[in-house]
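>>> only the shape, not the letters, is given here:
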């Protein structure tokens, strides 16, 4: 009997040990533990240990967007507790000792590294890839679909304005926050796109434009077609309409990337002139190897046509504007001459009338020829505008 109780006690002791071990492992799985990283220069990057929250207060969000002129949609469920977790997560680079030389790498990694407990990006990526599969998209079209998805999330103009006034007063957002709030500025949305593309296995980088205070994504692509001869193709996230591999200008006031607008026929200009700035050469951070995007090859071909047409249209316009003024001036002269001839005829001053008929007819015929030549050039201009607009709409 005594041996029986001893065995029983040992059994319950083993059960307790296993239960405690299971609890401890479960606890560790709920903690995003990141130990301080020591740098070669002796500095230490400080990142606190924080427990990931329980999933409470769900919020279903419906995303709708277009890619290659086709509508897409998906729904994801996010949680207020997780949103609060990210809102209160570190958004400033913390360190001890000297500032590490590679501090920006660690800073950007903080936003794009996934918490192992949080499966949001994994599940979102699976939905996007499922959409691509159902619509028979190839790998490049899938990257376009994902990029268009992120671009469709509204640009946060209020936050952009606050950053412009005082860059240090506004913090970056984690991808989860962008999805939950359904808005973000260039850096916020670039972190989101990078996280998704990495989940898909693509090579990525972050392109930082310091003087312009802008951030974009680089997607691994063939070196000969890459931007800055870097092996990465530029991807703009601020708004829809930007093709991978095409570097846009920025609107000075909002820092939003400018989308090429359709042109109007000659003489009917309605395009608003925007105050824009060019992007300088960027610094590359968070380079990661992976799959390659090859859709850039077709984009470059179309972009070359667009740039060529832009130059031709600009040159034609510079010729047509002064020609239009000249035609208007000569038309006024012909009209005045015509009125003079009518007055002579009305006054029955046939001698002076007949004496000027030859000059009038010559001037009228010269004017008609110039108008005809001018109209041919205008038609040529408008044909090129139509061709340009078709490329812009269908690229």
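All right, it came through fine. Quick caveat, the model's predicted, so the values are computed rather than measured. Numbers count the residues shown, from 1 in each chain.
>>> tell me if residue 309 really is in a helix.
Yes: when DSSP: H, G, I helix; E, B strand; the rest coil is applied, residue 309 is found to be in a helix.
>>> contact partners for it?
384, 387, 388, 391 (C-beta atoms under 8 Å, 6 or more residues apart in numbering). Just so you know, the C-beta spots here come from the backbone N, C-alpha and C atoms, and that holds for glycine as well.
>>> 7 Å - rerun?
Residue 309 sits next to 384, 387, 388 when contact means C-beta atoms under 7 Å, 6 or more residues apart in numbering.
>>> and if you look at residue 237?
Contacts of residue 237 by C-beta under 7 Å, 6+ apart are 150, 151, 186, 189, 190, 193, 216, 217.
>>> can you get me a residue count around residue 65?
17 (other C-beta atoms under 10 Å).
>>> just the buried positions in whichever strand or helix holds it, please.
Using DSSP states H and E, residue 65 maps to strand 58-67. Neighbour counts over strand 58-67 (16 or more other C-beta atoms under 10 Å) mark 63, 65, 67 as buried.
>>> can you tell me, leaving aside adjacent residues, what's nearest to the last one?
Leaving aside its sequence neighbours, residue 67 sits nearest to residue 148 (C-beta to C-beta, 6 or more residues apart in numbering; 4.1 Å).
>>> what do you get for the first one?
Taking C-beta to C-beta, 6+ apart as the measure, residue 63 lies nearest to residue 74, with 5.5 Å between them; neighbours along the chain are not counted.
>>> am I right that that neighbour sits in a helix?
No: counting by three-state DSSP, residue 74 is not part of a helix but strand.
>>> let me see the mean pLDDT of the helix or strand hosting residue 327.
Using DSSP H and E, the element containing residue 327 is helix 296-346. Average pLDDT, helix 296-346: 90.
>>> next step: the contacts of residue 237 restricted to strands.
216, 217 (DSSP state E).
>>> who wins on neighbours among the contacts of residue 237?
residue 190 (31 neighbours).
>>> any chance you could map the strands in the chain?
31-32, 37-38, 44-45, 50-51, 58-67, 70-79, 95-96, 204-209, 214-220, 232-235, 250-251, 276-277, 283-288.
>>> now tabulate the ones you listed in a markdown table and tack on mean pLDDT.
Output for these, formatted as a markdown table (pLDDT from 0 to 100):
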| stretch | mean pLDDT |
| --- | --- |
| strand 31-32 | 40 |
| strand 37-38 | 49 |
| strand 44-45 | 48 |
| strand 50-51 | 83 |
| strand 58-67 | 97 |
| strand 70-79 | 97 |
| strand 95-96 | 73 |
| strand 204-209 | 98 |
| strand 214-220 | 97 |
| strand 232-235 | 98 |
| strand 250-251 | 90 |
| strand 276-277 | 86 |
| strand 283-288 | 97 |
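>>> nearest to residue 343, out of those strands?
strand 276-277 (53.8 Å; C-beta to C-beta).
>>> about what we covered before: nearest to residue 240, of the buried residues of strand 58-67?
residue 65 (7.3 Å).
>>> separation between the residue nearest to the closest one when sequence neighbours are not counted and residue 237?
Spatially, and ignoring its direct neighbours in sequence, residue 65 is nearest to residue 152 (3.5 Å; C-beta to C-beta, 6+ apart). For residue 152, the distance to residue 237 (C-beta to C-beta, to the nearest Å) stands at 10 Å.
>>> returning to that earlier point: now the helix holding residue 327, how far from the centre of its chain.
The chain centre lies 36 Å from the centre of helix 296-346; the measure is C-alpha atoms, centre = their mean, to the nearest Å.
>>> same deal with stretch 67-76?
Counting by C-alpha atoms, centre = their mean, stretch 67-76 comes out at 17 Å from the chain centroid.
>>> you'd agree residue 313 is up against residue 389?
No: with contact defined as C-beta atoms under 7 Å, residue 313 does not count as touching residue 389 (10.5 Å).
>>> who has more neighbours out of these two?
When residue 313 and residue 389 are compared on other C-beta under 10 Å, the one with more neighbours turns out to be residue 313, at 19 against 16.
>>> need the contact list for the closest residue to residue 61 other than its chain neighbours.
Leaving aside its sequence neighbours, residue 61 sits nearest to residue 76 (C-beta to C-beta, 6+ apart; 5.7 Å). Listed by C-beta under 7 Å, 6+ apart, the contact set of residue 76 reads 61, 124, 179.
>>> now render those as CSV, adding distance to residue 84.
Listed next are the contacts of residue 76 as CSV, based on distance: C-beta to C-beta, whole Å:
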residue, distance to residue 84
61, 16
124, 19
179, 14
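>>> which neighbours do residue 313 and residue 389 share?
By C-beta under 7 Å, 6+ apart, the residues touching both residue 313 and residue 389 are residue 263.
>>> nearest to residue 241 among the strands of the chain would be which one?
strand 58-67 (10.3 Å).
>>> for that closest one, which strands pair with it and how are they oriented?
strand 70-79 (antiparallel) (DSSP bridges).
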